[in-house]
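Q: Provided below for reference: sequence and predicted model.
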Amino acid sequence: MQTPKRSRTKRLRFCPSNLDLLSFLPNPPPNSSTCPCDLCGRGGGRESLRILANLRGEGRVPGEELAFLERFDGERGLLFRCRQPVKMAPLVGNVPVQEDGSSSVSSSPLKTFSLMSIPPPSPYSPWLHELKSDERGLCLIHLLLNCANHVAAGSLDGANAFLEQIALLAAPNGDAMQRIASHFSEALARRALRQWPGLYHALDCVHPVAEAAAARRHFFDLCPFLRVSYVVSNQAIMEAMEGEKVVHIVDLNASDPTQWLSLLQGLRARPEGPPHLKITGVHEHRELLNHAAVCLSEEAERLDIPFQFNPVATKLENLDVETLRVKTGEALAIGSVLQLHTLLATEAVQQEAPAAVGQQLTLGECLDKDHSSISDSAMPSSPAESFLASLWGLSPKVMVVTEQEADHNGGALSKRFVEALFYYAALFDCLDSTAARSSVERLRLEKVLLGEEIKNIIACEGLERKQRHEKLQRWARRLDAAGFGPTPLSHCALLQGRRLLPNFGCKGYNLRDDGGYLMMSWHDRPLFSVSAWKCNRFR
């Protein structure tokens, strides 16, 4: 195979005010007075979260040179220097090809960054208070990765040392990177305490149901993801129920009536008039179901729509489909928003048990793996598929599923930590662009919703770990095995979703039609998917 032509050799310099570690500057003059760096001669910073993609090696250009942070300076705290520039071979996929034709992932920038040695700072180090936001973000990423490495290896003394350092720089009400570090360090600390079950469980904090519901509402208000999911799902249901006289909707996560209040408005406007509507809400907290019943009944009465609400107070994994009371002659639709992944705990425990001994990976070993690969052997088997098969047996006309586009169901802590850090960095970044740092709503959302998800992913194992997010490709396999086939979302549904984005005042949100599915992204990072499914005739 002919080697691609290398680009013109450039001298690489790294500047503390420009966080792009993969910035390549052609012989810059070292004489600018606008930048504290004596190397590059230019200023202009970027948000600290962008460093994650660069450290991981995404978007690398074949033939370009690469350098890393080298060490901390004892006087100021940070000294950004280059090593000798490293020639990067052309990439095949995500793997660099060496001169001899072999491939290697040992040059992963994130791996190298995580393994650098940093002398422990003191609380009295004056440079701690002089760090700029981007410099502090780089330091926190480094500390988090090293701390995760120690926790994964069971080195509590090492983990404790890094947690002390993180505490000097992180803050739950600071910039995006400080807030991320605050929640991830808390999760790592909880994980370390698993060796002492008494301490671990004594620190459990169960938020009141009303507070958790309020945090979810703040997520609806501050980010477009739930709004888009509701609008797109409702349009898919409306299209599937066209002309039906009796409509039954099963909501597998009935924590909020907002989605169905909007659907009532749409059904009222049908040319043929509204159908008789029955909604069955499934949720473990009866008080939320009672609230939904009151809100929806009042709105249906106001719109003169025949309406019935059937509450089913149970966890999803304990649901008996007979309690859904699906009757002959009803046109059935099923909706699930950020809920199906909770079914994966039981089957994951069954799969992890035989492989648990001697299989813990270090962070470096984890980073040498291809995170995008999907192994057939890793596919869960019975409980989730059995549940989906039972839904198939109800013969719904449409089922609409919204799930996190993430890979947090892996058995190894190291892999989960890296994947979660990238995923939640994007979520915290978009919140930083749409809400003030002092926002009470943002603080509650990050602590009660996102922070608890992070703790569950990192600190919990076994049946306790419910936040087992998986990507759409895996859900498609499960749904196919259960007897469902994809039905493309309509252009009208996608258009309605896109119309919501300008309301959030920034350009980072993107919606993409991915072969009939909807991907919701922050910049280029997919965060949530919406997909619609119908029953195949035979399983």
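A: Yep, that arrived. Residues are numbered from 1 along each chain as shown.

Q: So what's the predicted local confidence for residue 268?
A: Residue-level confidence at residue 268 comes out at 93, pLDDT.

Q: Could you double-check that it sits in contact with residue 306?
A: No. Assessed by C-beta atoms under 8 Å, residue 268 is found out of contact with residue 306, at 11.5 Å. All C-beta atoms are positioned from the backbone trio N, CA, C, and that covers glycine.

Q: more neighbours, these two?
A: residue 268 (15 against 12; other C-beta atoms under 10 Å).

Q: For that one, give me its contacts.
A: If you count contacts by C-beta atoms under 8 Å, 6 or more residues apart in numbering, residue 268 has them with 274, 303-305.

Q: Redo the residues you listed as TSV? Include pLDDT and neighbour count.
A: Below are the contacts of residue 268 laid out as TSV (pLDDT from 0 to 100; neighbours: other C-beta atoms under 10 Å):
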residue	pLDDT	neighbour count
274	94	19
303	95	15
304	95	10
305	96	18
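
Q: Among the residues you listed, which are located in helices?
A: Those of these mapping onto helices are residue 303, per DSSP state H.

Q: ok, back up a step: where do the contact lists of residue 268 and residue 306 overlap?
A: Common neighbours of residue 268 and residue 306 (C-beta under 8 Å, 6+ apart) are residue 274.

Q: list the buried ones in stretch 183-201?
A: 183-193, 200 (16 or more other C-beta atoms under 10 Å).

Q: can you dump the C-alpha coordinates of that stretch into PDB?
A: Provided in PDB are the C-alpha atoms of stretch 183-201 (Å, rounded to 0.1, in the frame of the first residue of the first chain):
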ATOM      1  CA  HIS A 183     -18.500  15.200  40.600                       C
ATOM      2  CA  PHE A 184     -16.000  12.700  39.200                       C
ATOM      3  CA  SER A 185     -13.700  13.000  42.200                       C
ATOM      4  CA  GLU A 186     -16.700  12.400  44.500                       C
ATOM      5  CA  ALA A 187     -17.600   9.300  42.500                       C
ATOM      6  CA  LEU A 188     -14.000   8.000  42.700                       C
ATOM      7  CA  ALA A 189     -14.000   8.500  46.500                       C
ATOM      8  CA  ARG A 190     -17.200   6.600  46.800                       C
ATOM      9  CA  ARG A 191     -15.800   3.800  44.700                       C
ATOM     10  CA  ALA A 192     -12.700   3.600  46.900                       C
ATOM     11  CA  LEU A 193     -14.900   3.200  50.000                       C
ATOM     12  CA  ARG A 194     -16.400   0.000  48.600                       C
ATOM     13  CA  GLN A 195     -13.700  -1.900  50.500                       C
ATOM     14  CA  TRP A 196     -15.500  -0.700  53.700                       C
ATOM     15  CA  PRO A 197     -19.200  -1.500  53.100                       C
ATOM     16  CA  GLY A 198     -20.300   0.200  56.300                       C
ATOM     17  CA  LEU A 199     -18.800   3.500  55.300                       C
ATOM     18  CA  TYR A 200     -19.900   3.100  51.700                       C
ATOM     19  CA  HIS A 201     -23.600   2.600  52.600                       C
END
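
Q: avg pLDDT for that stretch?
A: Over the span of stretch 183-201, the pLDDT mean works out to 86.

Q: Could you confirm residue 488 falls within a helix?
A: No. The assignment for residue 488 by DSSP: H, G, I helix; E, B strand; the rest coil gives coil, which leaves it out of any helix.

Q: For residue 141, see how far away it is.
A: According to C-beta to C-beta, to the nearest Å, residue 488 and residue 141 sit 39 Å apart.

Q: Look at those two and report which has more neighbours.
A: residue 141 (23 against 15).

Q: That one contacts residue 178, doesn't it?
A: No. The criterion here is C-beta under 8 Å, and residue 141 misses it with residue 178 at 11.5 Å.

Q: So residue 200 sits against residue 190, correct?
A: Yes. Counting by C-beta under 8 Å, residue 200 touches residue 190, with 6.9 Å between them.

Q: Just list the residues touching residue 506, thanks.
A: Contacts of residue 506 by C-beta under 8 Å, 6+ apart are 430, 433-434.

Q: Out of the residues you listed, list just those in helices.
A: Those of the contacts of residue 506 mapping onto helices are 430, 433-434, per DSSP H.

Q: quick one: the strands in the stretch 101-250 of the chain?
A: Secondary structure of the stretch 101-250 of the chain by DSSP state E, counting those that start in this stretch: the strands cover 246-251.

Q: mean confidence score for stretch 341-360?
A: In the prediction, stretch 341-360 has an average pLDDT of 65.

Q: Can you name the residues that contact the closest residue to residue 193 other than its chain neighbours?
A: Among residues not flanking residue 193 along the chain, residue 200 sits closest, at 4.5 Å (C-beta to C-beta, 6 or more residues apart in numbering). Counting by C-beta under 8 Å, 6+ apart, residue 200 makes contact with 190, 193-194.

Q: Helices of the stretch 301-450 of the chain, start to end?
A: Taking DSSP state H, counting those that start in this stretch to define them, one finds helices in the stretch 301-450 of the chain at 344-355, 363-367, 382-392, 413-434, 440-444.

Q: Backbone dihedrals for residue 263, please?
A: Backbone torsions for residue 263, taken as degrees, to the nearest 10, come to phi -60, psi -40.

Q: Actually, residue 327.
A: phi -110, psi 160.

Q: Now it: closest residue in space, sequence neighbours ignored.
A: Counting by C-beta to C-beta, 6+ apart, the residue nearest residue 327 is residue 248, at 7.6 Å.

Q: Look up how far residue 394 lies from that neighbour.
A: If you go by C-beta to C-beta, the gap between residue 248 and residue 394 works out to 9 Å.

Q: and for those two, which residues touch both?
A: 326, 332.

Q: ok, these two, which is more surrounded?
A: Ranked by neighbour count (other C-beta under 10 Å), residue 248 and residue 394 place residue 248 first, with 27 against 16.

Q: Can you name the residues bridging to that one?
A: residue 278, residue 332 (DSSP bridges).

Q: mind checking pLDDT for it?
A: Value listed for residue 248 in the pLDDT field: 98.

Q: still on that earlier bit, okay, the contacts of residue 200 in TSV with distance to residue 214 next?
A: Converted to TSV, the contacts of residue 200 look like this (distance: C-beta to C-beta, whole Å):
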residue	distance to residue 214
190	23
193	28
194	30
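
Q: of the residues you listed, closest to residue 283?
A: Nearest to residue 283 among those is residue 190, at 26.1 Å by C-beta to C-beta.

Q: quick check: longest strand of the protein.
A: As assigned by DSSP state E, the longest strand anywhere in the chain is strand 525-535.

Q: Can you give me the pLDDT of residue 29?
A: 34.

Q: cool, and residue 134?
A: The model's pLDDT for residue 134 equals 81.

Q: cool, residue 411 as well?
A: The predicted structure lists residue 411 with a pLDDT of 72.

Q: Same check on the one 10 residues further on?
A: For residue 421, the model assigns a pLDDT of 94.

Q: Surely it touches residue 140?
A: No. Shown here, residue 421 and residue 140 do not form a contact pair, counting by C-beta under 8 Å, at 10.6 Å.

Q: what residues do the two have in common as contacts?
A: residue 180.

Q: you'd agree residue 429 is up against residue 527?
A: No. Residue 429 lies out of contact with residue 527 (C-beta under 8 Å); the separation is 10.6 Å.

Q: I figured the residue nearest to residue 327 hits residue 332, correct?
A: Yes. Between residue 248 and residue 332 there is a contact at 5.0 Å, judged by C-beta under 8 Å.

Q: what residues do the two have in common as contacts?
A: residue 326.
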